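Peer 1: sharing a sequence plus its predicted fold:
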Amino acid sequence: MAKYVGAIDQGTTSTRFMIFDHAGQVIGIDQKEHEQIYPKPGWVEHDPMEIWAAAQAVIAGALAKAHVDPKDLAAVGVTNQRETTVVWDKNTGKPVYNAIVWQDTRTDLICNELAKVGGQDRLRAKVGLPLATYFSGPKIKWILDNVPGAREKAEKGELYFGNTDSWIIWNVTGGVKGGVHVTDVTNASRTMLMNLETLNWDEENLKLMGIPRSMLPDIKASSEVYGTAVGALAGIPVSGDLGDQQAALFGQTCFSAGEAKNTYGTGCFMLLNTGTKPVPSKNGLLTTLGYKIGKEPAVYALEGSIAITGALVQWLRDNLGLIQKSSDIEALANTVEDNGGIYFVPAFSGLFAPYWKSDARGVIVGMTRYVNKGHIARAALEATAYQTREVLEAMNKDSGVPLTALKVDGGMVFNDTLMQFQSDILGVPVIRPKVAETTALGAAYAAGLAVGFWAKVEDLRANWGVDKTWEPKMDSAKRAKLFDGWLEAVKRTFGWVKQ
């Protein structure tokens, strides 16, 4: 009888393999970072071959560290950085170009051209998304238009596209020797190419962007058996696939309409379960797929996406050398009482929700001689909390349901200073679960459900438990004053890049 479920978590900065038991507890983990490639300002790339090599290394590493025999795994799931676009030759298994990362802004001209007819929201009714550099469709078009020979190969049916979930699953299940080319509804909903109602690729949108249907993976449920692994996981069913933010929603057991979570990673992503009908957003949010279990109806979500949160801490570490390691940010921020009157708006990749301005760029405002590196560190942390409040307010307006508490997960939730400020600026409790790595857990849950390791979603709710809660301590007048300052700072980022 299998004792565990595995999950490959292919993230923006690293790839992990995690092993969970029936209670959702972590049994084993291994993690490996990959290179961030910046060929030009605004361009962000990854090497898909490096990512696949890292995936193989961490699978072997986690199994060895935990002394787990692969035969003890009931299933393996995959979760991934969404929108990051890989196009590869299906005959050789080699990418035709580096993966274009979700943060990359090179497709702004493509998006602007498409928006000339019908505006930025011309496709929103069908796909739930504005025309923005964030999504996969324009990235595929860029590769086909700019990589020599790519369009010809695509027209002949020789190229595959996928977000990194499809790339990993194809390789895990055999690659050129019979690998399955699939994605799930959550990842497909991030391409601008899937119709929210039909859950199929939209022929009009494919034609609009000049993308051959033959490139695209088959769209599956988030929890069903796609194929069987080869290599280190030989014989194990591959049976779960969720984009990272939807995986965190699932791992946080937000199975009822009105339940929400916020994940603090490279970026910040708040998702609200809206039930089995898509809810259009009037306030700059994305209408997206939450998950789909087997043949059950798909569950939809509203999402607020923030491009730069944890990535700002990395930037202070790597580009400015302000700290030695990311965890040092809290101690540096705590050397001062407050932000010293400054705000840091990290619009490095433009602004995502609720603004969707690709021409915005980062600013620090309010600088005086008084300001030191402690204030910059504190302002960097506070930026995450302010951006989350903007998204929460949009969510409240769209859903009509004021949130009473926020479930949080991801790497930054172990920063007490940030979590307390988050609760203060929202005015609601912030709750961290016992297993904060809910992204990998969600993929494991989806995989395990597909093979009967867990019988039903209610079994998963029983695994969820509170680790820590932060209650708001700030008075409402101070909260309003600080947030007004933030909104003024955000305005200073608009229109910086002239087309």
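Peer 2: The structure has been received and is ready for your questions.
Peer 1: what's the host helix or strand of residue 439 packed up against?
Peer 2: With elements taken from DSSP states H and E, the one containing residue 439 is helix 438-450. For helix 438-450, the packing partners by 3 or more C-beta pairs under 8 Å, 6 or more residues apart in numbering; DSSP states H and E come out as strand 4-10, strand 14-20, strand 73-80, strand 223-228, strand 237-243, helix 244-251, strand 260-264, helix 457-461. Bear in mind the C-beta positions are built from the backbone N, C-alpha and C, glycine included.
Peer 1: list the contacts for the residue nearest to residue 490 when sequence neighbours are not counted?
Peer 2: Using C-beta to C-beta, 6 or more residues apart in numbering and skipping the chain neighbours, the partner closest in space to residue 490 is residue 345 (5.5 Å). Counting by C-beta atoms under 8 Å, 6 or more residues apart in numbering, residue 345 makes contact with 362, 363, 364, 365, 383, 486, 489, 490, 492, 493.
Peer 1: model confidence for the closest residue to the third one other than its chain neighbours, exactly?
Peer 2: Distances taken as C-beta to C-beta, 6+ apart place residue 344 nearest to residue 364, at 5.0 Å, with adjacent residues excluded. The predicted structure scores residue 344 at 96 on the pLDDT scale.
Peer 1: Provide the backbone phi and psi angles at residue 344.
Peer 2: phi -120, psi 110 (degrees, to the nearest 10).
Peer 1: who are the contact partners of it?
Peer 2: Per C-beta under 8 Å, 6+ apart, neighbours of residue 344: 312, 362, 363, 364, 376, 379, 380, 382, 383.
Peer 1: quick one: it from residue 308, how far?
Peer 2: Using C-beta to C-beta, to the nearest Å, residue 344 is found at 10 Å from residue 308.
Peer 1: so who does residue 354 touch?
Peer 2: Counting by C-beta under 8 Å, 6+ apart, residue 354 has contacts 283, 284, 285, 304, 390, 391, 394.
Peer 1: quick one: mean pLDDT over stretch 13-32.
Peer 2: 95.
Peer 1: any idea how far the helix holding residue 439 is from the chain center?
Peer 2: Taking C-alpha atoms, centre = their mean, to the nearest Å, one finds the center of helix 438-450 at 16 Å from the center of the full chain.
Peer 1: alpha carbons of that helix, as CSV, please.
Peer 2: Listed next in CSV are the C-alpha coordinates belonging to helix 438-450 (Å, rounded to 0.1, in the frame of the first residue of the first chain):
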residue,chain,number,x,y,z
THR,A,438,0.7,24.9,0.3
THR,A,439,1.6,25.2,-3.4
ALA,A,440,3.3,21.8,-3.5
LEU,A,441,0.7,20.4,-1.1
GLY,A,442,-2.1,21.4,-3.4
ALA,A,443,-0.5,19.6,-6.3
ALA,A,444,0.0,16.5,-4.1
TYR,A,445,-3.6,16.7,-3.0
ALA,A,446,-4.8,16.8,-6.7
ALA,A,447,-2.6,13.9,-7.6
GLY,A,448,-3.7,11.8,-4.6
LEU,A,449,-7.4,12.4,-5.2
ALA,A,450,-7.1,11.2,-8.7
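Peer 1: relative orientation of that helix and helix 244-251 in degrees?
Peer 2: 70 degrees (axes from the mean of the first three to the mean of the last three C-alpha atoms, to 10 degrees).
Peer 1: which helix or strand contains the residue of the chain most remote from its centre?
Peer 2: Distance from the C-alpha centroid of the chain peaks at residue 369, with 37.8 Å (C-alpha atoms, centre = their mean). Using DSSP H and E, residue 369 falls within no helix or strand.
Peer 1: about what we covered before: including mean neighbour count and distance to residue 198, could the helices and strands packed on helix 438-450 go into JSON lines?
Peer 2: Below are these laid out as JSON lines (neighbours: other C-beta atoms under 10 Å; distance: least, C-beta to C-beta, whole Å):
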{"stretch": "strand 4-10", "mean neighbour count": "29", "distance to residue 198": "27"}
{"stretch": "strand 14-20", "mean neighbour count": "25", "distance to residue 198": "32"}
{"stretch": "strand 73-80", "mean neighbour count": "30", "distance to residue 198": "23"}
{"stretch": "strand 223-228", "mean neighbour count": "21", "distance to residue 198": "18"}
{"stretch": "strand 237-243", "mean neighbour count": "30", "distance to residue 198": "19"}
{"stretch": "helix 244-251", "mean neighbour count": "32", "distance to residue 198": "19"}
{"stretch": "strand 260-264", "mean neighbour count": "27", "distance to residue 198": "26"}
{"stretch": "helix 457-461", "mean neighbour count": "15", "distance to residue 198": "25"}
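Peer 1: redo those as a markdown table? Include distance to residue 107.
Peer 2: Listed next are those as a markdown table, based on distance: least, C-beta to C-beta, whole Å:
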| stretch | distance to residue 107 |
| --- | --- |
| strand 4-10 | 22 |
| strand 14-20 | 25 |
| strand 73-80 | 20 |
| strand 223-228 | 29 |
| strand 237-243 | 19 |
| helix 244-251 | 21 |
| strand 260-264 | 24 |
| helix 457-461 | 37 |
